[in-house]
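> turn this into a model:
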Amino acid sequence: MEKGERKLTEKELKRKDCFKKFNSEMQQKGYKMKSMIINTQQAKYFSLLIMFPFMAVAFWIYNNMNGFDLDLDRISWGLVIAVPLLILCLFMLHELIHGITWGIFAKNHFHSIDFGIIWSSFSPYCTCSEPLRKWQYLLGTAMPTLVLGGGGAVAAVMTNQLLLFFLAEYMILSGGGDFQIILKGMFYHTDKKETVYCDHPYECGFVVFER
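Now for the predicted structure:
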């Protein structure tokens with residue numbers, strides 16, 4: 001294992017082996033593979049840059065509609081404990097939305113969806129082992145941020161719930177990695193007639209098969 005390379009779990013090694021077999025089958029059919037991977041360490045720094053415009057728009061709308069009434073005296077220990085638990089639940093829901101969206105499009109539906117946690121960074125993840133069309137894959141990648149971030153911000157504005165707004169802003173920010181993947185997919189163009197997109201079995205990103 002190379003220096004700095006993450007040790008794969010048993011589930012990831014199994015997916016890696018299955019992907020090698022699938023890659024071999026696709027190459028026999030005349031497809032060529034192109035990996036579109038993002039660096040998870042760099043992604044953390046780019047996330048704020050990418051998502052800041054969306055967060056700023058949400059902030060501007062909430063401020064114009066409701067204003068900000070931050071009463072520190074209303075913050076209790078119960079709230080301090082509840083917020084991290086809510087964020088953890090939202091992270092899990094984020095991955096579940098990935099799985100639901102991809103599962104709808106996949107031929108084998110939810111049998112092709114796998115969930116797990118990268119314990120070294122305590123990062124939950126969702127992956128789809130089945131090839132999808134470009135728009136299907138990118139929609140499944142964007143959906144959690146659209147629902148939890150965008151949808152949460154709209155709900156916060158309509159109900160004037162400041163806590164919900166802050167959670168929505170955090171979920172927009174947490175979607176920065178997903179949107180970097182989306183940008184890679186949107187800006188990737190090919191002259192090949194046939195393309196399919198596969199979620200990478202153990203890295204952050206996807207693989208394009210084209211012929």
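> residues of whatever helix or strand Ile100 lives in that come out buried?
Applying DSSP states H and E as the criterion places Ile100 in helix 77-105. Residues of helix 77-105 classed as buried under the neighbour-count rule (16 or more other Cβ atoms under 10 Å) are Leu90, Phe91, His94, Glu95, Ile97, His98, Gly99, Ile100, Thr101, Trp102, Gly103, Phe105. In this view, the C-beta of every residue, glycine as well, is placed from N, C-alpha and C.
> elements contacting it?
In this structure, helix 77-105 makes packing contacts with strand 113-118, strand 123-128, helix 134-144, helix 162-174, judged by 3 or more Cβ pairs under 8 Å, 6 or more residues apart in numbering; DSSP states H and E.
> quick one: mean pLDDT over that helix.
The average of the pLDDT scores along helix 77-105 is 89.
> how far off centre is that helix?
When C-alpha coordinates are averaged (Cα atoms, centre = their mean, to the nearest Å), helix 77-105 and its chain have centres 12 Å apart.
> same check, this time on stretch 30-49
The chain centroid and the centroid of stretch 30-49 are separated by 12 Å, computed with Cα atoms, centre = their mean.
> give me the buried positions along that stretch.
Buried, per 16+ other Cβ under 10 Å, within stretch 30-49: Tyr31, Ile38, Thr40, Ala43, Phe46, Ser47.
> sitting in helices, which of these do you find?
Thr40, Ala43, Phe46, Ser47 (DSSP state H).
> ignoring the adjacent residues along the chain, who's closest to the last one?
If you skip the residues right next to it in sequence, Ser47 has Gly176 as its closest partner in space, 2.4 Å away by Cβ to Cβ, 6 or more residues apart in numbering.
> show me the shaky parts of the chain.
By pLDDT under 70, the weakly predicted segments of the chain are 1-5, 70-77, 79, 120-121.
> so for this protein, which residue is the most central one in space?
Against the mean C-alpha coordinate of the chain, by Cα atoms, centre = their mean, the closest residue is Asp178 at 4.0 Å.
> ok and the helix holding Ile100 relative to strand 113-118, angle-wise?
Between the direction of helix 77-105 and that of strand 113-118, the angle (axes from the mean of the first three to the mean of the last three Cα atoms, to 10 degrees) works out to 140 degrees.
> OK, contacts around Tyr62?
By Cβ atoms under 8 Å, 6 or more residues apart in numbering, Tyr62 lies in contact with Phe68, Ala153, Ala156, Val157, Phe165.
> okay, the angle between the helix or strand encompassing the third one and helix 77-105?
What it means is Ala156. In this assignment (DSSP H and E), Ala156 forms part of helix 152-159. Between the direction of helix 152-159 and that of helix 77-105, the angle (the same axes, to 10 degrees) works out to 130 degrees.
> quick check: which helices or strands does helix 152-159 pack against?
Counting by 3+ Cβ pairs under 8 Å, 6+ apart, helix 152-159 packs on helix 40-65, helix 162-174.
> and Val83, which of those helices is closest to it?
Closest to Val83 of the helices and strands packed on helix 152-159 is helix 162-174 (Cβ to Cβ; 7.7 Å).
> pull the CA atoms of whichever helix or strand comes after the closest one into PDB?
Downstream of helix 162-174, the first helix or strand assigned by DSSP H and E is helix 176-187. As requested, C-alpha coordinates have been extracted for helix 176-187 and formatted as PDB (Å, rounded to 0.1, in the frame of the first residue of the first chain):
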ATOM      1  CA  GLY A 176     -19.700  20.700  -1.900                       C
ATOM      2  CA  GLY A 177     -18.000  17.300  -2.600                       C
ATOM      3  CA  ASP A 178     -21.000  16.100  -4.500                       C
ATOM      4  CA  PHE A 179     -21.100  19.300  -6.600                       C
ATOM      5  CA  GLN A 180     -17.500  19.000  -7.500                       C
ATOM      6  CA  ILE A 181     -18.400  15.500  -8.900                       C
ATOM      7  CA  ILE A 182     -21.300  17.100 -10.700                       C
ATOM      8  CA  LEU A 183     -19.100  19.700 -12.300                       C
ATOM      9  CA  LYS A 184     -16.700  17.100 -13.500                       C
ATOM     10  CA  GLY A 185     -19.600  15.200 -15.100                       C
ATOM     11  CA  MET A 186     -21.100  18.400 -16.600                       C
ATOM     12  CA  PHE A 187     -17.800  19.600 -18.100                       C
END
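> right, I'll call it a day here.
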